[in-house]
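>>> Quick one, fold the following:
(chains A and B)
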Amino acid sequence: MDKSTFETKPVINGRMHASLKHDSAHKHVTGTAEYIDDIPEPAGTLHGGLGLSDRAHAEIVSIDLSAVKAAPGVVCVLTAEDIPGFNDVASTGQHDEPLLATREVQFHGQIIFAVIAETRDQARRAAKLAKIEYNDLPHWTDIDGARENGAPNVVEPMVLKRGEPETEIENAPLRVKGHMYIGGQEHFYLESHIAFAIPGEDDEVTVWSSTQHPSEVQHMVAHVLGVANNAVTVMTRRMGGGFGGKETQGNQFAALAAVAAKKLKRAVKFRPDRDEDMSVTGKRHDFRVDYDVAFDEEGRIHAVDATYAARCGFSADLSGPVTDRALFHADSSYFYPHVHLVSQPLKTHTVSNTAFRGFGGPQGMVGGERMIEEIAYAVGKDPLDIRKLNFYGQPGSGRTTTPYHQEVEDNVVARIVEELEASCDYQSRRRAILEFNANSPVIRKGIALTPVKFGISFTMTAYNQAGALVHIYNDGSIHLNHGGTEMGQGLYVKVAQVVADTFQVDIDRVKITATTTGKVPNTSATAASSGSDLNGMAAYDAARQIKERLIDFACRQWQVNRSQVEFLPNRLRIGGEIVPFDTFIRAAYYDRVQLSAAGFYKTPKIHWDRKAGRGRPFYYFAYGAAASEVSIDTLTGEYMVDRTDILHDVGKSLNPAIDIGQVEGAFVQGMGWLTTEELWWDASGRLRTHAPSTYKIPLASDRPKIFNVKLAEWAENAEPTIGRSKAVGEPPFMLAISVLEAISMAVASVADYAVCPRLDAPATPERVLMAVERLKARG
Amino acid sequence: MSEAIRFILNGEEVTLKDFGPTETLLDYLRLKRRLTGTKEGCAEGDCGACTVLVGRLTEHGLRYESVNACIRFLGSLHGTHVVTVEHLAGRDGALHPVQQAMVDCHGSQCGFCTPGFVMSLYGLWLSNSAPSPAEIESALQGNLCRCTGYEPIVKAAAQVAANRPSSLFDPLERDRIQIMAKLWAIHSGNDTIVVEKAEANGVVRSIVPASVAAFADLLAEEPDATIVAGATDVGLWVTKQMRLLNPVIFINHLTELQSIEATEAGITIGAGVSYTQALGALAKEIPALGRLIDRIGGQQVRNMGTIGGNIANGSPIGDTPPPLIALGAELTLRTHAGRRTIPLEDYFIAYGRQDRLAGEFVERVFVPRPPEGSHFGVYKISKRRDEDISALCGAFNLALDAEGRVEKIRIAFGGMAGTPKRAKRVEEALLGQAWSWGVVSAVRDLFDEDYQPLTDWRATAEYRALAARNLLTRFFLETAGQSHELRRFEVEEA
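All right, here's what the predicted structure looks like:
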């Protein structure tokens, strides 16, 4: 018998709000954590290779696959004709994304055919042997090109409007117009996409997919196979990173593997090479923001008019909600008394851009913070003073309404900024930097403190639902399953903490099991930072139902009332008796208590009318702030981040160690986006930064040399979320805007801070040097 | 002649024949041995997810180095000890202190990069019980993590450095003597090895010559053979371009090509000297060159890649040719019949074309010691400071006469033309002139006559042209005693 059941310890291991290690940490460090490519392959497993377009936009004149078919090891070649159901993997239902291109290719790297061979090496080599004749059509790969060519929008633009922006812009004392380019970003999850399909009997197939959205993969595989959803089971134990890149982009690989597996009645695996992965899958959207901001001599904003245009790629994918979220965050943390915001989701001949941590929000906020900078340089103040002047107010201040007519009710941004400003010694460091710059001919420094306010919920209201399945076996061990997926963010351990806490058992009694569509149906993507909010609550609901039944059972069996039943760590006190948890569970089983429950949760209060631009898209906001100090080299544009201090609001943290990891990781990823990570297409429309040799994400030596990260310990969600915690996945990504702004200040120093540097992102050494030169020429 | 290579994999001796010359260690581990702890992240030696240690006998004993298994060919493993993450935990399953530190510091999130980090940290731990922050970051330059932001991993490295509970818990410390004996035994049968494999298009061969003389003879017979030393470039021909190479001659084990000799006149570096080996020697002799080498690739690439390879492949953006040309280095090429020595700059004829004749190989490079009182500077510019390829790399070597006039100057750049190339027009304009800001600023624009750089994903032509001018400015300021370089850490004493 488990000795722990007799312990009288006061708290369980793994309660909510405790700093637990990642549940797979031990397996990670020993190399025993199983990723899909590590699963032992059944005999006869085949491997897929991809035949890709080498044109950005062209009509396919002819396809000769004879050499491909004749290559060593090739078993078959799949083209669109081999698809039994629909040749369509558009997650939107817009049917604008064929699985395999037929008459036309719309980006360099679009999949035209797939080779299935005995080995992956054979499949990759064979795929290169196709002879495809094209008739080139006009192409454009960027936003300006799309505008010049009158490109269509991939979805209907969104408009947000409040007040009288047209007249207020004219009437304000001061006004600045400008534009800014904001680059995209490759996810660079360390594990590339992968799908592994094993055919079953009748119409069935099981697919292991590295996806954040098993239900969508299931639905998409069924759609492509032309079978009902119930024939397809999708499994995901863990991903080697996702960051949004595996929200919709896994569909194509899963569908190809499933089609081949069903056709050949053999297991089939698709694992694209890194370069293929980066060419074939979507990225963060690039934006161009055209802004017109009106303000007074103090720097207080009167009105804003801005257009957010995005490089969406050839199809819609998630570009609609991504560009919507950009507009929802164009206000950053600031009250715009009069505002007009428009999105422009432009079609380009590039891979279809997709979700990426922040989902348009970061681009929205970078645009908002650029306007703050413009105002600061126009009125000759520290941008931080302009920020404070324009923060949303507290309820009753008349400064709480967002451009989308939601009231900001839980605002803690001023408190966070004030605390960080003091704790990082912002004012005296800024003075020291101004003095340093006055005496340093080549190296210049900058410092910036920027806030984050990020809206939490899927803006598509229906997605804000989740399910979970909890079993207690008759030995007292617990099986936990929910619709959320684990991509490293620690969702599994957080939800297990919720269940352990509910039953008051040590967490090692809770078995965390792989996400599968067979256990919890119709799940939403693990995205929008919603994983623990939604699945934590759903698991809690399941555990609560079982707990209710157990309390009823105890009352019956021990003849006590409910107040006399208490769940203590690994045991119960029932009346005057102490009963070990597993003894109690066994007794419940013999009394025929149902020890399994499906839990469900849907986020309350939210609603959104996109056409009207009104509603409450967000349940609550998460806040934070960061202060970064940088040095730049004005001869080369190179830079270093000398120090970053962060104070971030995760409500009452479910697991502070995990949350700190999310904050640090998101910050560094955001810093990469705004500094060294640059996507570059050549004139033929080919992405040339398609591997880590050419696409540079941050290294250990790029992180801030001094890096102080704190969670706001006093924070608590104003809404009744699980444990009063807040979402943490995306919000801290935008803390990195402080780095861009600090670099900008260092650049501004060469013209005595008289001119806004208008530094575009990513601020590569080249962009920094060119901005320095531009300012020197004006100064 | 023998027909198989022999090495040790974790605790097991392996004799391998019937493999192709381009089969990688990573595929062997994952597909043939089901050692799936080692991951494929990029298959080009840039992310470190596939990091393993390779131990080899050196004059300093058995030395383990981190390498990228994804671009390491099987044929290069003869007589080595390959150590994967599976070998680390104790026989009782207890975590190695390096692994435990990663767990304790929350150093893993998605976990996919983690085995690679563990192996890099392990390599550091084996060789350094008190690493500085700079040394930790240097050891991790070849490992990408997209989740953690690195802070907990660096903490783990610092925390575990001095943690060595006993001499028995570490598998490599424990078995060191036996491993050495086994490796000596493998090396004792010192024959040239030719491993053949029948493939669809014929027989392919991996050749491991017994000596440099044997290598020279083989190359005379097989002038079209691909020579592979570090494989940090050739590896990508295979994994990315899917090129078929046959036969391949592996030379990474030839210690005769790995000597470094420093004399009054200069430093002679064997073609097979790895960056890691060169770093120590060069940092002492020519400190600016040492700092440059620390920015080439990651630790794994520096452990594999060689100075000779960096020159021989003729890349216009190789990092060592510009400074070596500026220093007036000479290249010695060898055949089975003899040697010839040429100025290094003459080796680079045009993009993709070098002065290497059939049957010839790069044997060594001689770097003249900069004379006392002369000035030397080399500056690399890349998007990311570490483990990135140069947008441009400029090197300057200046000697002034007693009156402060330019007596000698050599300026060479990478990334500015189809080959590493001297700025002869700028040099001419400076020669005999006073080394003053007035003169220097006046000649800056002459770079336009020396170079017509291209625009690509690393930089635009405009940036390259401007940055080249500014690097001359930087060099001038340095000679005037004003150093204005960004440095993350104060320079450490070698």
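>>> going forward, measure contacts and count neighbours with C-alpha atoms only.
Noted.
>>> Pick out the residue of chain B closest to chain A.
In chain B, the residue that lies nearest chain A is residue B:110 (3.4 Å; C-alpha to the nearest C-alpha).
>>> Just give the number of residues close to that residue.
Other residues within reach of residue B:110, judged by other C-alpha atoms under 10 Å in any protein chain shown, total 29.
>>> which residues sit in contact with it?
By C-alpha atoms under 8 Å, 6 or more residues apart in numbering or on different chains, residue B:110 lies in contact with A:238, A:239, A:240, A:241, A:486, A:487, A:488, A:489, B:147.
>>> three-state assignment of the third one?
It refers to residue A:240. coil (DSSP: H, G, I helix; E, B strand; the rest coil).
>>> Repeat that for residue A:331.
Classified using three-state DSSP, residue A:331 is coil.
>>> okay but residue A:516 is in contact with residue A:233, surely?
Yes: assessed by C-alpha atoms under 8 Å, residue A:516 is found in contact with residue A:233 at 7.0 Å.
>>> distance from the centroid: which residue in the chain tops it?
The chain I'm using is chain A. residue A:559 (51.0 Å; C-alpha atoms, centre = their mean).
>>> I was after chain B.
residue B:403 (40.8 Å).
>>> tell me the secondary structure for that one?
Going by three-state DSSP: residue B:403 is coil.
>>> Pull the contacting residues for the residue nearest to it when sequence neighbours are not counted.
The shortest distance from residue B:403 to any non-neighbouring residue, by C-alpha to C-alpha, 6 or more residues apart in numbering or on different chains, is to residue B:434 (7.9 Å). Residues near residue B:434 by C-alpha under 8 Å, 6+ apart: B:403, B:404, B:405, B:406.
>>> where along the stretch 1-150 of chain A do the helices fall?
A:25-30, A:66-70, A:120-127, A:143-148 (DSSP state H, counting those that start in this stretch).
>>> Of all those, which one comes closest to chain B?
Ranked by C-alpha to the nearest C-alpha, the member of those that lies closest to chain B is helix A:25-30, at 4.9 Å.
>>> if we look at stretch B:244-255, which residues are touching it?
B:21-22, B:75-76, B:204-212, B:215, B:224-230, B:238, B:272.
>>> Quick one: end-to-end distance for that stretch.
28 Å (C-alpha to C-alpha, to the nearest Å).
>>> circling back to that earlier point, can you pick the most crowded of the contacts of residue B:434?
residue B:406 (20 neighbours).
>>> a strand runs through it, doesn't it?
Yes: Residue B:406: assigned to a strand according to three-state DSSP.
>>> Who is it paired with across the strands?
Beta-bridge pairing for residue B:406 (DSSP bridges): residue B:400.
>>> Pop out the phi and psi values for the closest residue to residue A:165 other than its chain neighbours.
Leaving aside its chain neighbours, residue A:165 sits nearest to residue A:338 (4.7 Å; criterion: C-alpha to C-alpha, 6+ apart). Main-chain dihedrals, residue A:338, degrees, to the nearest 10: phi -130, psi 130.
>>> What is the neighbour count of residue A:338?
Using other C-alpha under 10 Å, residue A:338 has 22 other residues around it.
>>> wait, it sits on residue A:167?
No: Residue A:338 is beyond contact range of residue A:167, at 9.3 Å (criterion: C-alpha under 8 Å).
>>> pretty sure residue A:210 is touching residue A:245, no?
No: counting by C-alpha under 8 Å, residue A:245 is not a contact partner of residue A:210; they are 10.2 Å apart.
>>> which one of these two has more residues nearby?
residue A:210 (36 against 26).
>>> show me the contacts for that one.
Contacts of residue A:210 by C-alpha under 8 Å, 6+ apart are A:36, A:193, A:194, A:195, A:236, A:238, A:239, A:246, A:250.
>>> ok, and which of those residues reach chain B?
A:238, A:239 (C-alpha under 8 Å from any C-alpha of the partner chain).
>>> Apart from its chain neighbours, what residue comes closest to the residue of chain A found nearest chain B?
Chain B sits closest to residue A:488 of chain A, with a gap of 3.4 Å, by C-alpha to the nearest C-alpha. Ranked by C-alpha to C-alpha, 6+ apart and with sequence neighbours excluded, the top spatial neighbour of residue A:488 is residue B:110, at 3.4 Å.
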